[in-house]
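1. coords below, sequence missing:
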């Protein structure tokens, strides 16, 4: 507002000097200056945030989520673009009417964004040269120094099971903003969310009391980043830790960022005894499958089972012979057909036991 008032007053003074006829009287001059001062104050109040506060907040938020390697690459590329513009200015400085500086400005306008883009895209090359500011891993390190735990992994409960079984070898790092998210869940008005939050807090307390498992509560945070998942990715990248989660989408984002991920779903799938073709399983038909006369059910561990010829047996416990097993990124799918005795009972018009 102060800057706007000064500029408005100066502009009013220029108007008084240019239009000496209409504004020659003292009253008109005073009114013009007051109007210019008021208009300048209003313009400064409206325009100043767009020129100062908002760009500052945007730059702060952008830098908070930009990997350090990309930041260094962008600075190197931008500096190279400015260097090219400086060379152009030296070559064309002799042009008349300031054309040399205009050519240098146009070159900088094109070269700097190109340099920043190229520098950010080549951040992996900078990392290989040790120019991204990240500590170089020691030869033979063999894995992450610690594992960063997200909210979903604490709520899941299998992490505590692995630790009690002695299968967890790495120190656990739990950011305090994850603890705060668990507390928000525990204080939620929704019974389901409240139960998940309390379970997560109980799992964390049990992990901290477990002998042989090191759990560190970390104060480091990134308030400029709103989403907890993005904070976790940023924190794991800066501290060079792995990330423990059961969230498939978070796992994919972390993998894109080049982080090591421990997905408890994949760990459970690896430890679980697979269902073999030819094996007979018992499953409750809960829904219809995509194919005609195909029923859908689930095993006790949540594995989806598609049973041919069982679409009409909703709610019934059936015996099915496994035909094939397909493993996907989201879980295991079992394809089966009704056992011979089930097909005979269905053909005879009677429902199997348990219907």
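-> Yep, that arrived. These numbers were taken from a predicted model, which means no experiment stands behind them. Numbering: from 1, shown residues only.

2. what residue ranges in the stretch 201-350 of the chain are flagged as low confidence?
-> By pLDDT under 70, the low-scoring segments of the stretch 201-350 of the chain are 272-274, 301, 328-331, 343-350.

3. leaving aside the residues next to it on the chain, what's closest to residue 113?
-> residue 81 (7.5 Å; CB to CB, 6 or more residues apart in numbering). For glycine as for every other residue, the C-beta is placed from the backbone atoms N, C-alpha and C.

4. Please name the residues that touch the one you found.
-> By CB atoms under 8 Å, 6 or more residues apart in numbering, the contact list for residue 81 reads 108, 111, 112, 113, 114, 115, 116.

5. What separation do you get for it and residue 104?
-> Distance, residue 81 to residue 104, by CB to CB, to the nearest Å: 12 Å.

6. which helices and strands does the helix or strand residue 113 falls within pack with?
-> For residue 113, the host element (DSSP states H and E) is helix 99-121. Where contact means 3 or more CB pairs under 8 Å, 6 or more residues apart in numbering; DSSP states H and E, helix 99-121 is packed against helix 68-91.

7. Would you mind getting the angle between the helix it packs on and helix 99-121?
-> Inter-element angle recorded for helix 68-91 and helix 99-121: 160 degrees (by axes from the mean of the first three to the mean of the last three CA atoms, to 10 degrees).

8. any idea of the mean pLDDT in helix 68-91?
-> If you average the pLDDT over helix 68-91, you get 81.

9. re the thing from before, for the helix holding residue 113, which outside residues touch it?
-> 70, 72-82, 84-86, 88-89, 91-95, 126.

10. Report the buried members of those residues.
-> 70, 72-74, 76-78, 80-81, 84-85, 88-89, 126 (16 or more other CB atoms under 10 Å).

11. Residue 198 contacts residue 187, doesn't it?
-> No - Residue 198 lies out of contact with residue 187 (CB atoms under 8 Å); the separation is 9.7 Å.

12. Could you name the helices and strands sitting against the strand or helix carrying residue 12?
-> Using DSSP H and E, residue 12 maps to helix 2-18. The helices and strands touching helix 2-18, judged by 3+ CB pairs under 8 Å, 6+ apart, are helix 26-51.

13. same for the helix or strand just after the helix it packs on, what does it pack against?
-> Note on helix 26-51: by DSSP H and E, the next helix or strand toward the C-terminus is helix 53-65. Helix 53-65 sits against helix 228-239, with contacts defined as 3+ CB pairs under 8 Å, 6+ apart.

14. contact partners of the next helix or strand after the helix it packs on?
-> The C-terminal neighbour of helix 228-239 among helices and strands, as given by DSSP H and E, is strand 242-245. For strand 242-245, the surrounding residues in contact (CB under 8 Å, 6+ apart) are 143-144, 146-150, 152-153, 159, 170, 172, 232-233, 236, 250-251, 254, 259-264.

15. which is the next helix or strand following strand 242-245?
-> Using DSSP H and E, the helix or strand that follows strand 242-245 towards the C-terminus is helix 248-256.

16. tell me which residues of that following helix are tucked away?
-> For helix 248-256, the buried set under the neighbour-count rule, 16+ other CB under 10 Å, comprises 250, 251, 253, 254.

17. from what I can see the last one touches residue 236, true?
-> Same thing as residue 254. Yes - the criterion here is CB under 8 Å, and residue 254 meets it with residue 236 at 6.8 Å.

18. Please state the backbone phi and psi of residue 263?
-> phi -90, psi 120 (degrees, to the nearest 10).

19. For the residue nearest to it when sequence neighbours are not counted, give its distance to residue 336.
-> Among residues not flanking residue 263 along the chain, residue 251 sits closest, at 5.2 Å (CB to CB, 6+ apart). Using CB to CB, we find residue 251 at a distance of 29 Å from residue 336.

20. quick one: residue 197 and residue 179 touch, right?
-> No - with contact defined as CB under 8 Å, residue 197 does not count as touching residue 179 (10.4 Å).

21. if you count what's nearby, which of those two comes out ahead?
-> The neighbour count for residue 197 versus residue 179, taken as other CB atoms under 10 Å, is higher for residue 197 (22 against 17).

22. Give me the buried positions along the helix or strand hosting that one.
-> Residue 197 belongs to helix 191-209 when assigned by DSSP H and E. By neighbour count with 16+ other CB under 10 Å, helix 191-209 contains the buried residues 196, 197, 198, 199, 200, 201, 202, 203, 204, 207.

23. domain ranges for the protein?
-> The chain resolves into domains spanning 2-51, 67-128, 147-270, 272-347 when parsed by automatic domain parsing.

24. quick one: the helices in the stretch 251-355 of the chain?
-> If DSSP state H, counting those that start in this stretch is used as the criterion, the helices of the stretch 251-355 of the chain fall at 264-271, 340-347.

25. tell me what the first one is packed against?
-> It refers to helix 264-271. helix 158-164, strand 331-338.

26. Which neighbours in the sheet does the last one have, and how are they oriented?
-> Paired with strand 331-338 in the same sheet, following DSSP bridges, are strand 304-308 (parallel), strand 317-328 (antiparallel).

27. That'll do, ta.
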